[in-house]
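Peer 1: fold the following.
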Amino acid sequence: MFDFVFLISDFPAMTHSYFFGYGSLVNAATHRYAPTERLRIQGWRRTWRQVADHPVALLSAMPDDDSAIDGLIAPVPDNNWAALDAREQGYNRLVLTPAALPDSYQEHDIAIYAVPESPVDADPHKRPILLSYLDVVLQGYLQQFGPLGAEQFLATTDGWDRPVQDDRAAPRYPRHQALDATQLAFVDSAIERLALSVIQP
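Peer 2: Residues are numbered from 1 along each chain as shown. You can find the predicted model right below:
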């Protein structure tokens, strides 16, 4: 599937390494990597995936020649990926090719995390999206890219054919954040417009 990216482990140690975040990593309150910078990459879109050892859906990225997605990049100090790899458990860390990047970034080594395809993806029983996680992701896009950017996130993400698990009262996502009234209204409106069913605890 990832025929134009490579596993980071295939390459020697990089002097200046960055990650590209397209989900919760866009919300700068969930990590301490800085400085962050907005970036659009070509040839990718997002999708919700499910894997055997996760009870909820994972937001992933997948190659798509006809799509581009916005996100944030930030440096990984001393090329120390251990903490970020632990956070992104269940994902493969891949390196973006220059074709995915704007001209001025093509000499940078930028990694993206993606969930590999799994037979579980074909399971008709769709695992839910955790609302506390969706809150964090959309809050990040609202803060970084504004309402139009958050709408673009929704439009460039597949896999909305699954329910949302409402865990706001007792958030299960470990890096959950408090949303203001405007942000909550945006998330709730998005759920309604996408016609997502909501599972109560």
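Peer 1: quick one: the helices in the protein?
Peer 2: Listed in chain order, the helices found in the chain under DSSP state H are 82-87, 131-155, 181-193.
Peer 1: for residue 35, find the nearest of those.
Peer 2: Evaluated over the helices of the chain, closeness to residue 35 peaks at helix 131-155, with 12.9 Å, by C-beta to C-beta. For every residue, glycine as well, the C-beta is placed using N, CA and C.
Peer 1: next one: the closest one to chain centre, how far?
Peer 2: Computed by C-alpha atoms, centre = their mean, to the nearest Å, the separation of helix 131-155 from the middle of its chain amounts to 11 Å.
Peer 1: can you list the buried residues in that helix?
Peer 2: Across helix 131-155, burial judged by 16 or more other C-beta atoms under 10 Å covers 131-142, 144-145, 149-153.
Peer 1: residue 116 and residue 92 touch, don't they?
Peer 2: Yes - between residue 116 and residue 92 there is a contact at 5.7 Å, judged by C-beta atoms under 8 Å.
Peer 1: which one's more surrounded, the two?
Peer 2: Taking other C-beta atoms under 10 Å, residue 116 and residue 92 do not tie; residue 92 has more neighbours (18 against 13).
Peer 1: can you check the pLDDT for that one?
Peer 2: For residue 92, the model assigns a pLDDT of 96.
Peer 1: how close does it get to residue 111?
Peer 2: Distance, residue 92 to residue 111, by C-beta to C-beta, to the nearest Å: 10 Å.
Peer 1: cool, and residue 183?
Peer 2: Using C-beta to C-beta, we find residue 183 at a distance of 28 Å from residue 111.
Peer 1: which of those two has more neighbours?
Peer 2: Higher neighbour count among residue 183 and residue 111: residue 111, with 24 against 17, using other C-beta under 10 Å.
Peer 1: beta partners for that one?
Peer 2: Per DSSP bridges, the residues bridged to residue 111 are residue 19, residue 95.
Peer 1: how near is the residue most central in space within the chain to residue 113?
Peer 2: Against the mean C-alpha coordinate of the chain, by C-alpha atoms, centre = their mean, the closest residue is residue 23 at 2.6 Å. Counting by C-beta to C-beta, the separation of residue 23 from residue 113 is 9 Å.
Peer 1: kindly report the same for residue 89.
Peer 2: Plainly put, residue 89 is 10 Å away from residue 113 if you go by C-beta to C-beta.
Peer 1: more neighbours, these two?
Peer 2: Just comparing residue 89 and residue 113: by other C-beta under 10 Å the higher neighbour count belongs to residue 113, 25 against 10.
Peer 1: quick check, the more buried one in contact with residue 88.
Peer 2: Yes - counting by C-beta under 8 Å, residue 88 is a contact partner of residue 113 at 4.4 Å.
Peer 1: alpha carbons of the lengthiest strand in the chain, as PDB, please.
Peer 2: Taking DSSP state E as the criterion, the chain has its longest strand at strand 58-75. What follows is strand 58-75, C-alpha atoms only, in PDB (Å, rounded to 0.1, in the frame of the first residue of the first chain):
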ATOM      1  CA  LEU A  58      -7.700   4.900  15.000                       C
ATOM      2  CA  LEU A  59      -7.200   7.900  12.800                       C
ATOM      3  CA  SER A  60      -4.700   7.100  10.100                       C
ATOM      4  CA  ALA A  61      -3.300   8.500   6.800                       C
ATOM      5  CA  MET A  62      -3.200   6.700   3.500                       C
ATOM      6  CA  PRO A  63      -1.800   7.500   0.000                       C
ATOM      7  CA  ASP A  64      -4.200   9.200  -2.400                       C
ATOM      8  CA  ASP A  65      -2.900  10.900  -5.500                       C
ATOM      9  CA  ASP A  66      -6.000  13.100  -5.700                       C
ATOM     10  CA  SER A  67      -5.900  14.500  -2.100                       C
ATOM     11  CA  ALA A  68      -3.900  16.800   0.100                       C
ATOM     12  CA  ILE A  69      -4.100  17.300   3.800                       C
ATOM     13  CA  ASP A  70      -3.100  20.000   6.200                       C
ATOM     14  CA  GLY A  71      -1.200  19.400   9.400                       C
ATOM     15  CA  LEU A  72       1.700  20.500  11.600                       C
ATOM     16  CA  ILE A  73       5.300  19.700  11.500                       C
ATOM     17  CA  ALA A  74       7.700  19.900  14.500                       C
ATOM     18  CA  PRO A  75      11.300  18.800  15.100                       C
END
